[in-house]
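Enquirer: next input, structure requested:
(one chain, ligands or ions: 2)
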Amino acid sequence: MILITGGAGYIGSHAAVELLENGYDIVILDSLVNGSLEAILRIKELTGKEFEFYHADLMDIEQLENIFRRHDIKAVMHFAGLKSVNESVSTPLHYYEKNISGTLNLCKIMSQFNVRELVFSSSATVYQPSDNRPVDEDSPLGATNPYGRTKLMIEEILHDLYKSDPFWKIAILRYFNPIGAHISGRIGEDPTGSPNNLMPYITQVAIGRRPLLQVFGEDYDTPDGTGIRDYIHVTDLVKGHLKALEYLAGHSGIETFNLGTGKGYSVLELIKAFTLASAVNIPYQVVDRRDGDIAVCYASPEKAKKRLLWKAEKNLLEMCEDAWRWQSMNPHGYSGNEAEIEIIA
Ligand code: NAD
Ligand code: WQD
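Expert: Ligands and ions are numbered 1, 2, ... in the order given. Okay, here's the model as predicted:
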């Protein structure tokens, strides 16, 4: 049995489908602070499989204990956390509290129940901004905002935990820029409020929820002047998690892996690919650079390729097609489709 924390969110819901389709039993916990019950229902509908969902917060240690007591959990995929860079700048204490204490509670309960296999969602944001590229796992670290620092601190905590008890098996996965959706169009990214990230903004412009996209700067030192990132299809990303889980079964220790494609695309290239995929024109306006942004960031995914035997397969057009299928089938995301299912509290 695999426990998925944050399984009602964007990446966790895709991981749940992938795990169920590969024969794993799962249990999901999510506080629904940024996730949706409808996603839980759709995971069941897509896979035809049943599992238990707990409306539970990682801050509530009794609820955690209850889940571990009721299920024979072998490993945890830990997605639950707050992820907005902007929000983390305005409410740093909230971010440190939720992300760090939540992870501490989870690890304490795992130790208590002798569960020592953990796959943790980290981020490329832990790397120090630099002109050296591609970014490999040994590149200098240094996050530039509270959200990124919570990821970095959790990584350090996990290293200390492993040092204290070498029976732990931990995979730290540093995601680059996950986009796209399940090929069915039934689950996808559903940001609350105005999207911070590029792809959900584009899809909301395409569906008519927002008038135009703002392109943050065209004076970067890149071929077309706009920022370059390593966009990775969410399905490829979650396949990397299954590979990490298989890897942990055979290796004790703590290992860090970049999950990216190794290719960078600019903002204008992404807009162009999206237009090709959707046949919808995306009006945009170039504005000033966004604070804290860097020109170029893409991964070296070589370590994951060699050690996890994993590589991203889907190209930019497929990422755009799947993102558009999700948004056009669900113009308002999950809202309006709120699920009514039994919640175990
Ligand atoms: P998301 O917000 O869609 O999903 C996170 C889920 O965790 C949500 O459903 C939320 O309700 C839940 N959650 C948050 N705090 C919780 C708590 N204390 N207890 C229980 N549940 C809680 O985000 P996502 O995009 O799916 O990201 C998943 C993980 O991957 C996060 O840890 C995020 O920081 C990390 N990550 C995301 C990206 C990205 O671009 N999406 C990139 C790098 C890393
Ligand atoms: C991509 C490019 C923007 C929005 C963020 C987090 C990072 C990680 C992934 C969690 C950049 C440009 C964006 C818009 C734009 N998340 N852009 N107009 O900044 O690489 O990373 O998400 O761990 O922590 O910081 O991704 O999608 O926000 O931006 O022009 O409305 O699109 O300037 O060049 P980013 P993004």
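
Enquirer: following whichever helix or strand residue 303 is part of, which helix or strand comes up?
Expert: For residue 303, the enclosing helix or strand under DSSP states H and E is helix 302-303. Tracing the chain past helix 302-303, the next element assigned as helix or strand by DSSP H and E is helix 316-329.

Enquirer: residues near residue 136, how many?
Expert: Neighbour count for residue 136, taken as other C-beta atoms under 10 Å: 14. In short, each C-beta sits where N, CA and C put it, glycine included.

Enquirer: ok, the closest residue to it other than its chain neighbours to ligand 2 distance?
Expert: Nearest-residue entry for residue 136: residue 300, 4.1 Å, with adjacent residues in sequence omitted and distances by C-beta to C-beta, 6 or more residues apart in numbering. Separation of residue 300 from ligand 2 (C-beta to the nearest ligand atom, to the nearest Å): 17 Å.

Enquirer: look up phi and psi at the residue in the stretch 201-345 of the chain positioned nearest to ligand 1.
Expert: When distances are taken as C-beta to the nearest ligand atom, the stretch 201-345 of the chain reaches nearest to ligand 1 at residue 234, 8.2 Å away. Backbone geometry at residue 234, expressed as degrees, to the nearest 10, gives phi -60, psi -30.

Enquirer: who are the contact partners of it?
Expert: Residue 234 sits next to 10-11, 14, 178-182, 189 when contact means C-beta atoms under 8 Å, 6 or more residues apart in numbering.

Enquirer: contacting ligand 1 as well, which ones from those?
Expert: Filtering these for neighbours of ligand 1 using C-beta under 6 Å from any ligand atom leaves 10-11, 178.

Enquirer: picking that back up, from what I can see the residue nearest to residue 136 touches residue 258, true?
Expert: Yes. Counting by C-beta atoms under 8 Å, residue 300 does reach residue 258; the two are 6.4 Å apart.

Enquirer: list the residues that contact both of those two?
Expert: Counting by C-beta under 8 Å, 6+ apart, the common neighbours of residue 300 and residue 258 are 135-137.

Enquirer: for residue 156, grab the count of nearby residues.
Expert: Residue 156, neighbours per other C-beta under 10 Å, totals 11.

Enquirer: that one in helix, strand or coil?
Expert: helix (DSSP: H, G, I helix; E, B strand; the rest coil).

Enquirer: now do the one 10 residues further on
Expert: Remark: residue 166 carries the secondary structure label coil [criterion: three-state DSSP].

Enquirer: ok, it - contacts?
Expert: The contact partners of residue 166, by C-beta under 8 Å, 6+ apart, come to 252-253.

Enquirer: can you tell me how far it is from ligand 1?
Expert: Note on residue 166: its distance to ligand 1, by C-beta to the nearest ligand atom, is 25 Å.

Enquirer: element containing residue 54, please.
Expert: Following DSSP H and E, the helix or strand that holds residue 54 is strand 52-55.

Enquirer: show the average pLDDT along the helix holding residue 303.
Expert: Averaged over helix 302-303, pLDDT sits at 98.

Enquirer: how far does stretch 4-24 sit from its chain's centre?
Expert: The chain centre lies 11 Å from the centre of stretch 4-24; the measure is C-alpha atoms, centre = their mean, to the nearest Å.

Enquirer: between its first and last residues, how far does it reach?
Expert: 12 Å (C-alpha to C-alpha, to the nearest Å).

Enquirer: hmm, it touching ligand 2?
Expert: No. On the criterion C-beta under 6 Å from any ligand atom, stretch 4-24 is out of touch with ligand 2, staying 9.9 Å away.

Enquirer: on that earlier part again, which residues touch the residue nearest to residue 136?
Expert: Contacts of residue 300 (C-beta under 8 Å, 6+ apart): 134-137, 258, 262.

Enquirer: name the member of the residues you listed with the most neighbours.
Expert: residue 258 (28 neighbours).

Enquirer: double-check that it belongs to a strand.
Expert: Yes. Using three-state DSSP, the assignment for residue 258 is a strand.

Enquirer: just use 440 as the starting number from now, easier for me
Expert: Done: numbering now begins at 440, and the last item shifts to residue 697.

Enquirer: okay, and the beta partners of it?
Expert: residue 613 (DSSP bridges).

Enquirer: quick check, it in contact with residue 740.
Expert: Yes. Between residue 697 and residue 740 there is a contact at 5.5 Å, judged by C-beta under 8 Å.

Enquirer: three-state assignment of the spatially closest residue to residue 522 that is not a sequence neighbour?
Expert: Spatially, and ignoring its direct neighbours in sequence, residue 522 is nearest to residue 586 (6.5 Å; C-beta to C-beta, 6+ apart). With three-state DSSP as the basis, residue 586 sits in helix.

Enquirer: so who does residue 586 touch?
Expert: 521-524, 526-527, 534, 538, 564.

Enquirer: quick one: it from ligand 2, how far?
Expert: Counting by C-beta to the nearest ligand atom, the gap from residue 586 to ligand 2 is 6 Å.

Enquirer: thinking again about what came up before, pLDDT value on the residue of the stretch 640-784 of the chain closest to ligand 1, please?
Expert: The per-residue pLDDT reported for residue 673 equals 98.

Enquirer: one step back: from the contacts of residue 586, which is closest to ligand 1?
Expert: Checking the contacts of residue 586 against ligand 1 by C-beta to the nearest ligand atom gives residue 522 as the nearest, at 3.8 Å.

Enquirer: alright, that wraps it up for me.
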